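# Starting from these lines, generate the structure:
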Amino acid sequence: MFLIFDPVYWLLAILGYLVMFALASTVAPKVAGRVAGKFSLYTSMFLLLVLILGMSAGIIYLILAVTEVYIDFYALIIFLVAINVLIYLLSPYIINMSYGAKKSEELQRLVNEVSAMLRVKAPKAVVVHSPPNAFAYGNFLTGKFVAVSDTLINMLSRDELMAVIGHEIGHHKHKDNLFMLLLGLLPSIIFYLGYMLIRSSAGDRRGGQLAIVGIVAVIVSFVIQVLVLAFSRLREYFADTEGVFVAGKEAMQRSLAKIHYFYYRYPSVRAEIAESRFRTLFIYAIVNAVAEPLTRMDVERLKKEKVSPIQEFMSTHPPIPKRLVFIDNLKF
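Model (predicted):
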């Protein structure tokens, strides 16, 4: 049966998104407000990772214990892992074709310089045609890439461009692509395990018990998804530290501010990105914060802009104002 035609699937998806929205709009901002500044970036990443893995292991153990380990569940896990690994392997080819990625000797020299500063092997540098953006991608088959859009190259000064490249090479250095692929599997696996439990409950003598555990699993899968998004935002801050190390705080902040300014000057482009299937590749997080940074005073004003907590907690990237404040507080 195709899931798109299954009302149970859609009801569970709607339930999950309602839970996710409620967490992002109420619980998450309060928790973030209470723990903000109490832990270092490294400690925050460690604690969040332990929470994600702990919750995932706990709910999967509960599912397998209640169902007495149906072999179909193992087949489902293997299937989901295989699909995501296949996407991981094919995505560099898809990205290169979709963006018309082209090698650039000039950009490669800059990438080589930044890589030497960060003491890592230089990835392949490519120029893509898109709104201002830069991203890291690749795998062991294709090699590692750093892509910078032609519009961003024209927009930034040399030191600002080095800061952005440092950020992207930081993702490779921290193995974020593989890290997030593995973590992103957990909510998907738990959701579909819960879905299978609910579907199979109708013909089982323990139907009520299976249905309850299935619904709990679906809800937990969306809670874990919120946590995975939070972890992704922490990895973005982590990558920012590499950009600051390469080019300094001001260059990193100016580059982010210029990107922010561009997207609020051209809202149609911002809307296009928000609807793109490649939106997670964009260095810019689409959140409600409006400013026009042209001078240092404008950058300072941008740091104080309020952002929508709902949009922030549903995004893979932190909002620019928070990234600027984070960079201010960096110490090496």
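
# Can you give me the separation between residue 104 and residue 124?
Relative to residue 124, residue 104 is positioned 10 Å away (CB to CB, to the nearest Å). Heads up, the C-betas are built off the backbone N, CA and C, glycines and all.

# typo on my end, residue 9
As judged by CB to CB, residue 9 and residue 124 stand 40 Å apart.

# ditto for residue 310
37 Å.

# and if you look at residue 74?
Residue 74 is 38 Å from residue 124, by CB to CB.

# And for residue 65?
47 Å.

# repeat for residue 22
Residue 22 is 43 Å from residue 124, by CB to CB.

# more neighbours, these two?
Higher neighbour count among residue 22 and residue 124: residue 124, with 18 against 13, using other CB atoms under 10 Å.

# Per-residue pLDDT of the closest residue to that one other than its chain neighbours, please?
Distances taken as CB to CB, 6 or more residues apart in numbering put residue 145 closest to residue 124, at 5.0 Å, once the chain neighbours are dropped. For residue 145, the pLDDT comes out at 97.

# Where does pLDDT dip in the stretch 51-200 of the chain?
69-72 (pLDDT under 70).

# And the strands in the protein, which stretches?
102-103, 124-128, 134-139, 143-149 (DSSP state E).

# For the closest residue in space to residue 197 that isn't next to it in sequence, grab the count of nearby residues.
Distance criterion CB to CB, 6+ apart; nearest residue to residue 197, sequence neighbours excluded, is residue 214 at 3.3 Å. If you count neighbours by other CB under 10 Å, residue 214 ends up with 24.

# Ok, residue 188 next?
The number of residues near residue 188, taken as other CB under 10 Å, comes to 17.

# Excluding chain neighbours, what is closest to it?
Per CB to CB, 6+ apart, closest to residue 188 is residue 80, 5.7 Å.

# same question, residue 219
Per CB to CB, 6+ apart, closest to residue 219 is residue 19, 5.4 Å.
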